[in-house]
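>>> got a predicted model here, sequence first, then my questions.
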Amino acid sequence: MSEPGPFRWPPVEAPAEPDGDHPESTGATAPAVKTPRSHVPTGAAPGRSSSASGHGSGRQGRRRRGFGGIVRELDAALLGGQAPVAERVPESAWILEESSACPRCGRTVTPEEVTPDEPGCAGCRVESLAWERVIRLGEYDGALRDAILETKYGRWRREGDRLGQKLGERLRSALADADVEPGAAVVVPVPMPPLRRLLRGIDHTAVMARGVARASGCLYQPLLSKRGGPTQTSVTPSARARNIRGRVRRTQVWPMGSRVVVLVDDVRTTGSTLHECCRALVEGLPKRSASETPAVWACVLATTPDPARRRARSGGLGGAVLADSGA
């Protein structure tokens, strides 16, 4: 009985034995059969070879891919999983379309709706907002939506950091336009309850906020904490303000000399969470003059599209799109 061959996954069908005499019966030496490299998938378990070069190449390959790369390859081979958007889409194809967004509420608007004479758009001029302006990447749709969900529920920290850095580049440009030095702005993530952070395995907003701070040159400082309770997505939009009320508190004061406090969140839908964070930032502080109170900006990866506006406007204005990359 022949010795079993080395373990391989996925299994490769062994070549059929010839009908003639076997090498064992004639005493001839069987020629060595080399398995083509293409027959063994990347990440397959290496055979038990006594060749030192074979072992070395396997270790080098594992080092190059890293533990996370090996896990993703096994997930794709055995469970059919996909790599995150940031890895399966080339950098050149990851295009965030420059959109016309209201600088006050972040909604997608037509250029005619925002004028220098009046702040905001027609939809938010009648609203009392706790922040001065909103900076975003795009609408919550397409590849941007996929990347946010993968970061949040798939725990892809590298993708979250990448999204944060892209948002930080836009923040840096907005600060320059407002004549604010990056050192005079502090980036504050919208907080996550500790138990939810433990169960989910990632504080995705903090990951994104660190990327924002690094790309913009601003100071990162978590000034807020949040008490547990139902998630905002688990309640109706009309109940979100009541759901979040009183659950956010300030744990420390922003650094002296700060001119802008930048709240970072993943998605703005109703704005209830941002409103509660703005309230918590100033609650209990002595009243100061306007020159001593920093402005509050909101940085969000995406804003949810307004269905009525989407139906009304012709073509797409904003959102994340994928260039034609054959993907």
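Thanks, I have it.
>>> show me where the chain has helices.
In the chain, the segments counted as helices under DSSP state H are 23-26, 52-74, 85-88, 142-154, 157-177, 194-200, 204-216, 240-244, 272-282, 307-312.
>>> where among those helices is the average confidence lowest?
In terms of mean pLDDT, the lowest-scoring of these is helix 23-26 (a mean of 43).
>>> doesn't Pro294 make contact with Val261?
Yes - counting by CB atoms under 8 Å, Val261 touches Pro294, with 5.0 Å between them. No exception for glycine: its C-beta is placed from N, CA and C like everyone else's.
>>> so what sits against both of these two?
Val186, Trp254 (CB atoms under 8 Å, 6 or more residues apart in numbering).
>>> more neighbours: which of the two?
Val261 (25 against 21; other CB atoms under 10 Å).
>>> so what's the more buried one up against?
Residues counted as contacts of Val261 (CB under 8 Å, 6+ apart) are Ala185, Val186, Val188, Leu223, Trp254, Leu281, Pro294, Ala295, Val296, Trp297.
>>> bridging residues for it?
Assessed by DSSP bridges, Val261 has beta-bridge partners Val186, Val296.
>>> distance of it from Gln165?
20 Å (CB to CB, to the nearest Å).
>>> kindly report the same for Asp306.
Going from Asp306 to Gln165 by CB to CB gives 28 Å.
>>> over to Val187?
Using CB to CB, Val187 is found at 12 Å from Gln165.
>>> with Ala185 instead?
16 Å.
>>> when the two are compared, which one has more neighbours?
Taking neighbours as other CB under 10 Å, Ala185 and Gln165 compare with Ala185 leading, 26 against 17.
>>> was I right about the more buried one contacting Leu263?
No - counting by CB under 8 Å, Ala185 stays clear of Leu263, with 11.5 Å between them.
>>> and the closest residue to Pro222 other than its chain neighbours, how many residues sit next to it?
Distances taken as CB to CB, 6 or more residues apart in numbering place Pro189 nearest to Pro222, at 5.8 Å, with adjacent residues excluded. For Pro189, the count of nearby residues is 28 (other CB under 10 Å).
>>> which residues touch Pro189?
Applying CB under 8 Å, 6+ apart, we find Pro189 in contact with Asp203, Thr205, Ala206, Met208, Ala209, Pro222, Leu224, Leu263, Val264, Asp265.
>>> compute the number of surrounding residues for the nearest residue to Leu281 once chain neighbours are set aside.
The spatially closest residue to Leu281, leaving aside those adjacent along the chain, is Arg250, at 5.8 Å (CB to CB, 6+ apart). Using other CB under 10 Å, Arg250 has 18 neighbouring residues.
>>> which strand residues bridge Arg250?
Beta-bridge partners of Arg250, as defined by DSSP bridges: Leu224.
>>> going forward, begin numbering at 321 instead of 1
Okay, using 321 as the starting number, the last item reads as Arg570.
>>> just confirm it contacts Leu544, I think it does.
Yes - between Arg570 and Leu544 there is a contact at 5.9 Å, judged by CB under 8 Å.
>>> what touches both of the two?
Common neighbours of Arg570 and Leu544 (criterion: CB under 8 Å, 6+ apart): Ala600, Leu601.
>>> so who does the closest residue in space to Tyr473 that isn't next to it in sequence touch?
Spatial nearest neighbour of Tyr473, excluding adjacent residues (CB to CB, 6+ apart): Arg520 at 7.6 Å. By CB under 8 Å, 6+ apart, the contact set of Arg520 is Lys472, Tyr473, Arg475, Met512.
>>> residues in contact with stretch 526-535?
Residues outside stretch 526-535 that contact it (CB under 8 Å, 6+ apart) are 471, 477, 480-489, 491-492, 507-509, 512, 538-540, 542, 582, 584, 586, 619, 621.
>>> drop anything exposed from the residues you listed.
471, 477, 480-488, 491-492, 507-509, 512, 538-540, 542, 582, 584, 586, 619, 621 (16 or more other CB atoms under 10 Å).
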